[in-house]
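*Asks:* Structure for this input, please:
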Amino acid sequence: MRIVIDDKIPFIRDAISRITPDAVYLKGSEIGPADVHDADALIVRTRTRCDEALLKGSSVKFVATATIGFDHIDADYMSRAGIEWMSCPGCNASSVEQYLHSVLILLKRQKGMRPESSTIGIVGCGHVGSKVAKMAAGMGMRVLVCDPPRQERGDAGTFVAMKDIEEQCDVITFHVPLTKDGPHPTMHMADAAFFSRLVRRPVIVNTSRGAVADNAALLDALIYNKVSDAVIDTWENEPHINLQLMDRAWIATPHIAGYSADGKACADNMVISGLCRHFGIKVPCKVEPPELPASFVAADDADDLCLQLYNPLDDSARLKASPEKFEELRGNYPLRRETAPRNRA
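*Replies:* Residues are numbered from 1 along each chain as shown. Okay, the predicted model is just below:
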């Protein structure tokens, strides 16, 4: 079996070596038709567009993306070509929750937000949004959830209209896929009209997909004080992001909210499981994330520990210092764990 794999997918190589000796690791944005022509399987991230231009005439029968999002996968072509494909829904939900938790702690400590008297609006309440809602409620925040598809399906939970989010929230965070059509498209759902309707000058957080927020409109909203701050992890036109928006944003990170080692290992295990199921082979092993350094000493205070494990201001400082290194910062991301044992010396 020949497998072509994005070379920035961490922790996966040992497991793959137990499946096949014929694995090729390439830069995701540079994987081309010649690379996959005689491959049986392809394992990618968001930087590889999997469509007819890449896969026509190849022997690929299985494609996996080690990501939640899959707008880089041409599902219609996959169906026509008889290629099975999979994404990893929920794989890094806890990682994005960690990112948001740290952001909220920083809002409390640096911006004076009082969680018990603040309202957070969560737009999209799937794997990620539901975790963020529970975490924010645990901090004492009032939580409003807007998710029209879930509401229309009759899913359990209390849902509000977008109008309520716009009028009542001090923080608004987006956790939706990028869709351009259908009854509830999310492309530019945060546009100039959305920002004009905001009442409380909220903090805007986008860790979903860059084009969910119209970046030019968000920049104007910051300039004209329609929003108080912006926390941006996903951008339009990555890696060529809007530098004015980056400068104006309080926290600007290079699409790494879901990049904990725990989330990456989870994605690896989902991909390997799907690969083995498709080809009828046994899963060789479970991928485990690396341990924190032995010198790590966990803080006693829960908020201190959260920021000790992950402080998004560190990633923001690196991006703002070298925005031209957007892809490099993603591809060479430092070890980040979601939890730490408290009894380490």
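*Asks:* how close does Met189 sit to Ile68?
*Replies:* 18 Å (CB to CB, to the nearest Å). From N, CA and C alone the C-beta is placed, and that goes for glycine too.
*Asks:* what does Ile43 give?
*Replies:* Taking CB to CB, one finds Ile43 at 15 Å from Ile68.
*Asks:* And for the closest residue to Asn237 other than its chain neighbours, the neighbour number?
*Replies:* Sequence neighbours aside, Gly210 is the residue nearest to Asn237 in space, at 7.3 Å (criterion: CB to CB, 6 or more residues apart in numbering). Residues lying near Gly210 (other CB atoms under 10 Å) number 19.
*Asks:* Can you name the residues that contact Gly210?
*Replies:* 234-238, 255 (CB atoms under 8 Å, 6 or more residues apart in numbering).
*Asks:* what pLDDT does it get?
*Replies:* Here the pLDDT value assigned to Gly210 is 97.
*Asks:* Quick check on it: phi, psi?
*Replies:* According to degrees, to the nearest 10, the main-chain angles of Gly210 amount to phi -60, psi -40.
*Asks:* what's the distance between it and Leu305?
*Replies:* 31 Å.
*Asks:* For the stretch 51-200 of the chain, which segments are assigned as helices?
*Replies:* Assigned by DSSP state H, counting those that start in this stretch, the stretch 51-200 of the chain shows helices spanning 52-55, 75-81, 93-110, 127-138, 148-153, 162-168, 192-197.
*Asks:* Highest mean neighbour count out of those?
*Replies:* Ranked by mean neighbour count, the helices of the stretch 51-200 of the chain are led by helix 93-110 with a mean of 22 (mean count of other CB atoms under 10 Å).
*Asks:* Render the CA-only coordinates of it in PDB, please.
*Replies:* What follows is helix 93-110, C-alpha atoms only, in PDB (Å, rounded to 0.1, in the frame of the first residue of the first chain):
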ATOM      1  CA  ALA A  93     -12.900  20.300  20.100                       C
ATOM      2  CA  SER A  94     -11.200  20.300  23.500                       C
ATOM      3  CA  SER A  95      -8.200  22.100  22.100                       C
ATOM      4  CA  VAL A  96     -10.400  25.000  20.800                       C
ATOM      5  CA  GLU A  97     -12.200  25.000  24.200                       C
ATOM      6  CA  GLN A  98      -8.800  25.400  25.800                       C
ATOM      7  CA  TYR A  99      -8.100  28.400  23.500                       C
ATOM      8  CA  LEU A 100     -11.400  30.000  24.400                       C
ATOM      9  CA  HIS A 101     -10.900  29.300  28.100                       C
ATOM     10  CA  SER A 102      -7.600  31.100  28.100                       C
ATOM     11  CA  VAL A 103      -9.100  34.000  26.100                       C
ATOM     12  CA  LEU A 104     -11.800  34.400  28.700                       C
ATOM     13  CA  ILE A 105      -9.400  34.300  31.600                       C
ATOM     14  CA  LEU A 106      -7.300  37.000  29.800                       C
ATOM     15  CA  LEU A 107     -10.400  39.100  29.300                       C
ATOM     16  CA  LYS A 108     -11.000  38.800  33.000                       C
ATOM     17  CA  ARG A 109      -7.500  39.600  34.000                       C
ATOM     18  CA  GLN A 110      -6.400  42.200  31.400                       C
END
